[in-house]
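[1] Predicted model and sequence below, questions to follow.
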Amino acid sequence: MSKNVVIVESPAKANTIEKFLGKDFLVTSSYGHIRDLEKKNMGIDIKDNFSPRYIVPENKKSVVTELKKLTKKAETVWLATDEDREGEAISWHLKEALKLSDEKIKRIVFDEITKTAILNAVENPRGIDYNLVEAQQSRRILDRLVGFEVSPILWRKIKPNLSAGRVQSVAVRLIVEREREIDEFKSISRFKVTAVFDCVDCDGKNVKIKADLNRFLSNSEEAEKFLIHCKDAEFLVASLEKKPVKKSPAPPFTTSTLQQEASRKLRYSVARTMLIAQKLYEAGKITYMRTDSVNLAEQALDAAEKQIVNEYGKKYSHRQTYKTKSQLAQEAHEAIRPTDFSKESVTGSREENALYELIWKRAIASQMSDAEIERTTVKINVSNSDEIFVAKGEVIKFDGFLKVYLESTDEENGENGEEGLLPELKENQKLKYDLITATQRFTRPPARYTEAALVKKLEELGIGRPSTYAPTISTIQKRGYVHKDERMGKEREYEILSLTSDKKIDQETKTEITGADKGKLIPEDMAMLVTDFLMEHFPRIMDYKFTAHIEEELDEIARGGIDRKVMLDEFYFPFKEKVDHTIENTERVSGERILGKDPKTGHQVSVRMARFGPVAQLTNLNDEESKPQYAGLRREQKLETITLEEALDLFKLPRNVGEYENEEVVIAIGRFGPYVRHKGKFYSLKKEYDPYTVNIDEAIEVIEAKRKADAEKTIKVFDENPDYKILNGRWGPYLKAGKKNVRLPKDREPESFTLEECIELAENYVPNKGRSKKKKTK
């Protein structure tokens, strides 16, 4: 039995650390039982969602028993869990569960899983930092208090199985408020004027310059009037301004900036980014990935400088340190960086390599020289008008860090155009227009949040910390408050007025798609109802500043500045009074809106939240015994904005569009969207079909397309027992035996299996335990 036992959270981390320690050390993992220990130590008996960081073993008791056996005979137990608050709390839980004395344990922490870092940690152990444990425990207690007290109120007053959370509900509020800003936004039409001028540069070559009018024109009349002025106008270069500009690199990644940039450049979700980063960290390829620090250690600065000089030359190297802007940054971690700067890529999956390269480029670029740019601005006068055209251009004199990396942004406007290269011009030089266009443009509403943009906003407001961003965003989607959707947008006409070199003004109308969105966070109607309810009855926990203040107090507890009991008391007792008052004095909420009356029947038309989602309702107020008619709202419709006409359209379904194969064809909308019903079978309608206008020919196309797909999917059907089919699936051929999906042996052609063999395969098939749901044990 080893004298030294090292305990970490996961097997992957244990495997990597084991390589760097000698035979005197036995490295093992706690393998996921931590959450149960945590509940026990907190005295709270609850069901909890396990983080992806922890694997749930088959038998948690056996894991604890095994750890007790290992640690009982060991002289020293090294607790090597992560260095943040969660990691510190895990070490404390292990100490308590395994009944380890302070003398027997040594706590070691490291930013990276490398030999140097591990051996340095072993040489400089410390005890458990109880301030960090207190801060982590306080966070979990606060989150449970809010969740356990408020969620049952939502079950009573709105709908069963809803949930509230201290950070989650505030994040939903942000998304709801943004959606309402978009709904209330009134787009304003205006005209952007762009001119293309012909001129001769200093080398005598004919070149073209593109310039924009320095303001928008308010309407087509003003735009046409200006173009008429331009017909006989002279255009002179009024001024030339050349200005040297330096562009500095962005600092190395923190958790939030990594999540944002991986979303922009790699299209990764926040949860996906953290899962991949966890693998890279546990494999010893990057430093710890939950951090809000932009600081790099001295040895990292030395390694980055060496790599830059070797790869690009000395003039590209510029050693610099960064300071975290936020005063609320947690422990003094390093920024996220490679553990070995000489490795520009790593072995592993394509996703791991893509994220690693992003981290490597950002960290290297942060230690490179500024880019030197010459920015030119040319102002062009119009002789018979006070208006001015402006042309802008950039020339990169020295690329510096741009040789490696350029940070992306969330900007979507794009109205300012790109700044290209401008020819050499002189003041008072005459220019001749080739084409001047006035294009109708519309002001845009604020953009919906992407996951990355929401992380950025939460960080700006001081809400949450590096370890909470990904779980928060995952939770609000899993709970059904928010979904990521693709909005097709609507067609919109716009005008273009063009003045050509032959002095003719042409006018044309074109179309564009507006309001299209992909991968954005869109709130459900339930999110609107819950947010309004919580804002009315629990304004304190929904307040951005208060939520940020709680984070500050948790930071103070971590620093040992305040006592957690005092902080929790100050929060809980006023909160509990509000909970009791809300239970006793509030009515049930349905979000009902009365839209008006049906012109044909005189029945009242209303919308509200029902058991399975938002519905429109037709009610005969003159006959109490008649039952209301219901129709579900479409995915893109909202309780708050649906009109009377749109609600009445919902009752046009189901509708009979004709007959096919001597059976009627019906179009309807169900819980999962619009569909065609024919001969007792259902065929989903794709987004390009409008269920209110689809005709019999289009419906037949949908039916036949599905039949063809099913035929291609079916390999073999047993007529003597139709419950058994051999089908083509995503991962290859498989047996469908009733409700069972059974793998087929790969050494035979799927068509060769007999019914008897299929029945035997189904009876002997053991499903993958990793994918099956586990039964609760009492």
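    On my side now, so go ahead.

[2] how far out from the middle of the chain is stretch 268-288?
    Remark: stretch 268-288 is offset 16 Å from the chain centroid, using CA atoms, centre = their mean, to the nearest Å.

[3] max-length helix in this protein?
    Across the chain, the helix with the greatest residue count (assigned by DSSP state H) is helix 130-157.

[4] Next secondary structure after that helix?
    On the C-terminal side of helix 130-157, the closest following helix or strand by DSSP states H and E is helix 168-184.

[5] buried stuff in that following helix?
    168-176, 178-180, 182 (16 or more other CB atoms under 10 Å). (Each C-beta comes from the backbone N, C-alpha and C, glycine too.)

[6] so who does S163 touch?
    G147, S151, L154, R479 (CB atoms under 8 Å, 6 or more residues apart in numbering).

[7] same thing but 7 Å
    The contact partners of S163, taken as CB atoms under 7 Å, 6 or more residues apart in numbering, are G147, S151, R479.

[8] Top of those residues by number of neighbours, please.
    Counting neighbours by other CB atoms under 10 Å, R479 leads the contacts of S163 with 19 neighbours.

[9] List the residues that contact I513.
    I513 is in contact with G489, E491, counting by CB under 7 Å, 6+ apart.

[10] Which strand residues bridge it?
    Per DSSP bridges, the residues bridged to I513 are E491.

[11] So it versus I496, what's the distance?
    Here the criterion is CB to CB, to the nearest Å. By it, I513 lies 16 Å from I496.

[12] try L425
    28 Å.

[13] Neighbour count: those two, which is higher?
    It is L425, of L425 and I496, that has more neighbours when counted by other CB under 10 Å, with 21 against 16.

[14] Tell me the secondary structure at that one.
    Applying DSSP: H, G, I helix; E, B strand; the rest coil to L425 yields a three-state assignment of coil.

[15] That one reaches E241, doesn't it?
    No. L425 is beyond contact range of E241, at 11.4 Å (criterion: CB atoms under 7 Å).

[16] Could you tell me the per-residue confidence at N41?
    On pLDDT, N41 comes in at 40.

[17] ugh, wrong one, I meant Q327
    Q327 is given a pLDDT of 51.

[18] and the next element down the chain from the element among helices and strands of the chain having the smallest mean pLDDT?
    Every helix and strand of the chain was ranked by mean pLDDT, DSSP states H and E. The lowest is helix 34-42, at a mean of 41. Scanning forward in sequence from helix 34-42 by DSSP H and E, the next helix or strand is helix 60-73.

[19] Report the buried residues of that next one.
    K60, V63, V64, L67, L70, T71.

[20] Without its sequence neighbours, what residue ends up closest to the residue positioned nearest the centre of the chain?
    Geometric centre of the chain, nearest residue: E451, 2.3 Å, by CA atoms, centre = their mean. Nearest non-adjacent residue to E451, counting by CB to CB, 6 or more residues apart in numbering: V270, 4.6 Å away.

[21] What is the neighbour count of that neighbour?
    25.

[22] thinking again about what came up before, report the contact partners of the residue nearest to the centre of the chain.
    Here E451 is in contact with S263, S269, V270, I473, L521 (criterion: CB under 7 Å, 6+ apart).

[23] Try it again at 6 Å.
    Applying CB atoms under 6 Å, 6 or more residues apart in numbering to E451 gives the contacts S263, S269, V270, I473.

[24] Could you single out the nearest of those to A438?
    Set against A438, the nearest of these by CB to CB is S263 (36.5 Å).

[25] Can you lay out the buried residues of helix 168-184 as TSV showing distance to G127?
    Shown next, in TSV, are the buried residues of helix 168-184 (distance: CB to CB, whole Å):
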residue	distance to G127
Q168	34
S169	37
V170	35
A171	36
V172	40
R173	41
L174	40
I175	43
V176	45
R178	46
E179	49
R180	51
I182	52
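
[26] Which of these sits closest to F753?
    When the buried residues of helix 168-184 are compared for distance to F753 (CB to CB), Q168 wins out at 49.1 Å.

[27] Verify the contact between T273 and Q260 for me.
    No. At 9.3 Å, T273 and Q260 do not qualify as touching, with contact defined as CB atoms under 6 Å.

[28] Quick one: residues contacting E592.
    By CB under 6 Å, 6+ apart, E592 lies in contact with S606, R608.

[29] Can you tell me how far it is from G462?
    E592 sits 37 Å away from G462, going by CB to CB.
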